[in-house]
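**Q** Predicted coordinates and the sequence they were generated for:
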Amino acid sequence: MCISIPGRVVRVHDTATRLAVVDVQGAEQVVNFTCLAENTVALESCVGTWVLMRSGIALAQVSVEEAQRALDVLALMQGLQGGHAPRGL
C-alpha cells in the first residue's frame, strides 16, 4: 500500500528542475514537482499551498481541509500501531 503524506510548500528550491521545499510536520524536505498535472503553472505560485507527496515527489495539490483529513487518517493509523501520532495543522 502506498501512502501519500501532506506537506505545505515553503519556498522554491530550483525552478529549472521544479524542486521546492515542503514542510512535513515540522521537517523540511526538497520535493520534485515535475509530476503534477499543473506542470504549466509557475512553481512560485505553489508556495503556501498544500500537496500530497510520496518518495520526494509531489503528486497532487490539495486544500488545507484535505491535508488535515490526511493527517487525521495518518494519526489514526499510527495510533492503531501504538506509535506517536502526527501533529495537526
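**A** Done, it's in. Numbers count the residues shown, from 1 in each chain.
**Q** any chance you could map the helices in the chain?
**A** Remark: helices assigned in the chain by DSSP state H are 64-80.
**Q** Give the residue spans of the protein that score low on pLDDT.
**A** Filtered on pLDDT under 70, the chain yields the residue ranges 1, 37-40, 81-89.
**Q** Export the longest strand belonging to it to PDB, keeping only CA atoms.
**A** Counting residues, the longest strand found in the chain (DSSP state E) is strand 5-14. Only the C-alpha atoms of strand 5-14 are listed here, as PDB (Å, rounded to 0.1, in the frame of the first residue of the first chain):
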ATOM      1  CA  ILE A   5       2.000  12.500   3.000                       C
ATOM      2  CA  PRO A   6       0.600  16.000   3.100                       C
ATOM      3  CA  GLY A   7       3.000  19.000   3.300                       C
ATOM      4  CA  ARG A   8       2.900  22.700   2.900                       C
ATOM      5  CA  VAL A   9       5.100  24.300   0.200                       C
ATOM      6  CA  VAL A  10       7.500  26.700   1.900                       C
ATOM      7  CA  ARG A  11       9.700  28.000  -0.900                       C
ATOM      8  CA  VAL A  12      11.100  27.300  -4.400                       C
ATOM      9  CA  HIS A  13      14.400  25.400  -4.300                       C
ATOM     10  CA  ASP A  14      15.200  25.300  -8.100                       C
END
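**Q** strands paired with it, and their directions?
**A** The strands beside strand 5-14 in its sheet (DSSP bridges) come out as strand 19-24 (antiparallel), strand 50-54 (antiparallel).
**Q** what does the longest one contact?
**A** Contact partners of strand 19-24, identified using Cβ atoms under 8 Å, 6 or more residues apart in numbering, comprise 5-13, 28-33, 43, 46-47, 51, 53, 58. Any C-beta I mention is one placed from the backbone N, CA and C, and that applies to glycine too.
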